[in-house]
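Asker: next come a sequence and a model predicted from it.
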Amino acid sequence: MSEARTPAREARTPAQIEADIVRRREQLAETLDEIGVRMHPKTIIGDARARVASTVDHTAGRAFATVNALVTDLRDGLRHDDGAPRFDRIAPVALVAVGLVGLLVVSARRRRG
């Protein structure tokens with residue numbers, strides 16, 4: 001069983017083979033340089049910082065949008081359609097807020113003393 005050879009393989013000269021070897025060595029050197037840069041501790045730390053910053057920015061943006069929507073809904077619930085305040089809803093909310101602030105103050109004083 002003889003192995004079929006392509007004409008391109010038979011027609012290669014030693015100079016062409018040497019040029020191919022040089023080209024492949026250059027490609028390998030570039031690949032190794034790229035691996036070295038990617039695996040350098042400063043590169044790894046920089047990439048990790050960028051990922052963390054992106055995650056924090058994304059999370060903060062989502063939190064801001066959620067809080068903004070809640071505040072808007074609360075504000076809309078405390079006003080009539082004409083924009084006048086709804087004291088029947090404002091008073092209970094204010095009392096709860098004052099009660100929570102009072103509890104926080106009492107709790108803080110107990111921890112100190």
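Answerer: Now that the structure is in, tell me what you want to look at. Numbers count the residues shown, from 1 in each chain.
Asker: neighbours around I90, how many?
Answerer: Applying other C-beta atoms under 10 Å, we find 13 residues neighbouring I90. C-beta here means a position set from N, CA and C on the backbone, and glycine is covered the same way.
Asker: tell me the contacts of it?
Answerer: Contacts for I90 were tallied using C-beta atoms under 8 Å, 6 or more residues apart in numbering; they are L78.
Asker: before we move on, which element is it in?
Answerer: Using DSSP states H and E, the element containing I90 is helix 87-112.
Asker: so what pLDDT did R5 get?
Answerer: We note a pLDDT of 55 for R5 in this prediction.
Asker: and the helices in this protein, which stretches?
Answerer: 7-10, 14-39, 41-77, 87-112 (DSSP state H).
Asker: just give me how far the second one sits from the chain centre.
Answerer: Between the centre of helix 14-39 and the centre of its host chain there is 35 Å, according to C-alpha atoms, centre = their mean, to the nearest Å.
Asker: next, the angle from that helix to helix 41-77.
Answerer: With axes from the mean of the first three to the mean of the last three C-alpha atoms, to 10 degrees defining the directions, helix 14-39 sits at 50 degrees from helix 41-77.
Asker: could you give the mean pLDDT of helix 14-39?
Answerer: Rounded mean pLDDT across helix 14-39 is 94.
Asker: and it, which residues are buried?
Answerer: Buried residues in helix 14-39, counted by 16 or more other C-beta atoms under 10 Å: none are found.
Asker: cool, and the last one?
Answerer: Neighbour-count burial for helix 87-112, with 16+ other C-beta under 10 Å as criterion, is recorded at no position.
Asker: ok now it, how far from the chain's centre?
Answerer: 37 Å.
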